[in-house]
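Enquirer: Sharing a model that was predicted from the sequence below.
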Amino acid sequence: MSVITFKPNDHTKITTDFERHEFACPCGCTAQMIDPELVQKMQTIRTKLGKAIKVTSGYRCVKHNADPKVGGSRTSRHLYGIAADWRTKDRSVNPVALGIIAAAQGFGAVGIYWHDKAAIVHTDTRGGKATWLCVQPGVYPSTTYNKFVLPTIEQGCEGAANRAATVMLQRLLGIPHDGSFGPATTKALMTAQRKHGLVPDGICGPKSWTALSGASKYLL
């Protein structure tokens, strides 16, 4: 793995649409770096979306990462320039769709964040696989054990990851998002499944996630 090192405010292009300064540590330190593989994969996604991407967090120096306002872990991939948190600049694509698209692009790690303070996706180029969901700041239920980035959920499902996924599903459906998959969520899901030409079974698996989030039109 190689990284690009650069100075603050460097507007040199890395790809067609991304410049080095977009991934810089906001503290203005001199030790800026970013993995070109990360940027190339983000460029592929940006091209598929046809929409500008806003990098909300790229490289972080140790001091910035440790800032309580940032809340970065001591093993954060941001410290090594191989991670970025991002969203569409106009916020027109929800983070579930972005997470599905990012996972399909082959990132080593994908984290989907959707709560009152964030609607972003985390991607990094670590060697192994890691996927997680976050609907509450500081809480990151893992879904790494699943083949798909989001778990398959249905009425009565339990567990932290399933509850987080239920919150995201409820947000997509436009209903109260309490994380409890009950009859109201089942009914709303079945209505949405019919609308998208899916079997209305009340079970949200990969096909339903992809269709309901809108990711399907970017995965052709």
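Expert: Good, I have the coordinates. Numbers count the residues shown, from 1 in each chain.

Enquirer: drop to CA atoms for contacts and neighbour counts, all remaining ones
Expert: Will do.

Enquirer: ok, residues contacting the strand or helix carrying R46?
Expert: Element membership of R46, judged by DSSP states H and E, is helix 36-49. The contact list for helix 36-49 (C-alpha atoms under 8 Å, 6 or more residues apart in numbering) reads 2-4, 14-18, 52-53, 82-84, 101-102, 105, 107, 123-125, 218-219.

Enquirer: cutoff 7 Å now
Expert: Helix 36-49 is touched from outside by 3-4, 15, 17, 52-53, 82, 105, 124-125, 218, with contacts defined as C-alpha atoms under 7 Å, 6 or more residues apart in numbering.

Enquirer: How about stretch 90-101?
Expert: 110-114, 119-121, 149, 210, 213-215, 219.

Enquirer: Quick check: buried residues in stretch 161-175?
Expert: Neighbour-count burial for stretch 161-175, counted by 16 or more other C-alpha atoms under 10 Å, picks out 161-173.

Enquirer: pLDDT weak spots in this structure?
Expert: Applying pLDDT under 70 to the chain flags the ranges 1.

Enquirer: Grab the most central residue of it for me.
Expert: With distances taken as C-alpha atoms, centre = their mean, the chain has V121 as the residue nearest its mean C-alpha position (2.1 Å).

Enquirer: for that residue, what are its contacts?
Expert: Counted by C-alpha under 7 Å, 6+ apart, V121 has contacts 85-87, 95, 98-99, 110-113.

Enquirer: First-to-last residue distance for stretch 47-54?
Expert: Using C-alpha to C-alpha, to the nearest Å, the end-to-end distance of stretch 47-54 comes to 14 Å.

Enquirer: And what about V55, helix, strand or coil?
Expert: strand (DSSP: H, G, I helix; E, B strand; the rest coil).

Enquirer: how about the CA coordinates for stretch 196-215, as PDB?
Expert: Output of stretch 196-215 as PDB, limited to C-alpha atoms (Å, rounded to 0.1, in the frame of the first residue of the first chain):
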ATOM      1  CA  HIS A 196     -40.800  -1.600  -6.300                       C
ATOM      2  CA  GLY A 197     -42.000  -4.900  -7.900                       C
ATOM      3  CA  LEU A 198     -40.700  -7.100  -5.100                       C
ATOM      4  CA  VAL A 199     -42.300 -10.000  -3.400                       C
ATOM      5  CA  PRO A 200     -44.200  -8.300  -0.500                       C
ATOM      6  CA  ASP A 201     -43.000 -10.800   2.200                       C
ATOM      7  CA  GLY A 202     -42.300  -8.200   4.900                       C
ATOM      8  CA  ILE A 203     -38.600  -9.300   5.000                       C
ATOM      9  CA  CYS A 204     -35.900  -6.800   4.200                       C
ATOM     10  CA  GLY A 205     -33.000  -8.600   2.600                       C
ATOM     11  CA  PRO A 206     -30.400  -7.500   0.000                       C
ATOM     12  CA  LYS A 207     -32.900  -7.000  -2.900                       C
ATOM     13  CA  SER A 208     -35.200  -4.900  -0.700                       C
ATOM     14  CA  TRP A 209     -32.400  -2.800   0.800                       C
ATOM     15  CA  THR A 210     -31.000  -2.100  -2.700                       C
ATOM     16  CA  ALA A 211     -34.400  -1.100  -4.200                       C
ATOM     17  CA  LEU A 212     -35.800   0.800  -1.200                       C
ATOM     18  CA  SER A 213     -32.600   2.800  -0.700                       C
ATOM     19  CA  GLY A 214     -32.300   3.700  -4.400                       C
ATOM     20  CA  ALA A 215     -28.900   2.100  -4.700                       C
END
